[in-house]
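# Dropping a prediction and its sequence here:
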Amino acid sequence: MGKVEDATATMIANLEAKTGKPLAAWVKLVEASKFSKHSERVSFLKSKHGLGHGYANLVAHSVAGGGTLTRGDDPVGEQFTGPKAPLRPIYDAIITAARKFGEDVEVSPKKANVSLRRNKQFALLQPSTATRFDVGINLKGTPPSGRLEASGSFSSMVSHRVRLESVKDVDKELLGWLKQAYDQA
């Protein structure tokens, strides 16, 4: 992944950690304010909510893009446009947790999904439908059970899939499987 994408992904992950609100919540807040100009949005976020210029600019660009960054260099943002936009908090929660596994976690966005890598791919993140977010996990040798189903036709790049519908589904069980896959990578 390039430096711009890395920096953007880091900012998005850090925004929630520093403010307690994910990007989607900041976007809704600014949309409710009805500001039409980028500079008004930035000023509002800085003066009324204490955001630094970088974070305010990130949120303002996201508002202009309908909840995603408007620059063409944000393949992750493009995955969460339109009806898939409500799934973005799921992605953000997984990325925030996965980055805590180790400094060697590589986030590699593609057009339709995001690969999480270490020495090799250990997970695949994909907003599959307007209401379902799929997490592919490489856990070879682990039998499917409950939510941890065989990947089947989802992707030949992973051994298992977990279907998520809300950020509440990003729980200890899912993060345990992801950590196990990271350790095996």
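Alright, I've got the coordinates.

# Every contact and neighbour count from this point should use C-alpha atoms.
Fine.

# list the buried ones in the helix of greatest length in the chain?
Ordering each helix of the chain by length in residues (DSSP state H) puts helix 3-19 first. Across helix 3-19, burial judged by 16 or more other CA atoms under 10 Å covers Glu5, Thr8, Ala9, Met11, Ile12, Ala13, Asn14, Leu15, Glu16.

# give the contact list for the fifth one.
This means Ile12. Pro22, Leu23, Asp92 (CA atoms under 8 Å, 6 or more residues apart in numbering).

# and which of these is nearest to Gly152?
Set against Gly152, the nearest of the contacts of Ile12 by CA to CA is Asp92 (25.4 Å).

# which SS state does that closest one fall under?
helix (DSSP: H, G, I helix; E, B strand; the rest coil).

# which residues touch it?
Contacts of Asp92 (CA under 8 Å, 6+ apart): Ile12, Ala13, Pro22.

# So for those, which is the shakiest by pLDDT?
For those, the least confident position by pLDDT is Ala13, scoring 80.

# Pretty sure Val107 sits in a strand.
Yes. Note on Val107: a strand contains this position according to three-state DSSP.

# any idea how far it lies from Thr19?
22 Å (CA to CA, to the nearest Å).

# and if you look at Pro75?
Taking CA to CA, one finds Pro75 at 24 Å from Thr19.

# And for Pro143?
On the measure of CA to CA, Pro143 and Thr19 end up 40 Å apart.

# Ok, Thr8 next?
16 Å.

# Show me the domain layout of this structure.
Using automatic domain parsing, the domain parsing of the chain gives 3-73, 89-184.

# and the first one, how far from the chain's centre?
With CA atoms, centre = their mean, to the nearest Å as the basis, the distance from the averaged C-alpha position of domain 3-73 to the chain average is 15 Å.

# what's the neighbour count on the residue lying closest to Pro83 once chain neighbours are set aside?
Sequence neighbours aside, Ala130 is the residue nearest to Pro83 in space, at 5.2 Å (criterion: CA to CA, 6 or more residues apart in numbering). The local packing of Ala130 (other CA atoms under 10 Å) involves 15 other residues.

# Show the backbone phi and psi for Ala130.
Ala130 adopts backbone torsions of phi -70, psi -20, taken as degrees, to the nearest 10.

# OK, contacts around it?
Taking CA under 8 Å, 6+ apart as the definition, contacts of Ala130 comprise Pro83, Lys84, Ala85, Pro86, Leu87.

# ranking the domains of the chain by mean pLDDT, which is last?
Among those, domain 3-73 scores lowest, with a mean of 77.

# So which elements touch the longest strand that the chain contains?
Assignment by DSSP state E gives strand 121-127 as the longest strand of the chain. Contact analysis of strand 121-127 by 3 or more CA pairs under 8 Å, 6 or more residues apart in numbering; DSSP states H and E lists strand 114-117, strand 133-137, helix 172-184 as its packing neighbours.

# No more questions from me, cheers.
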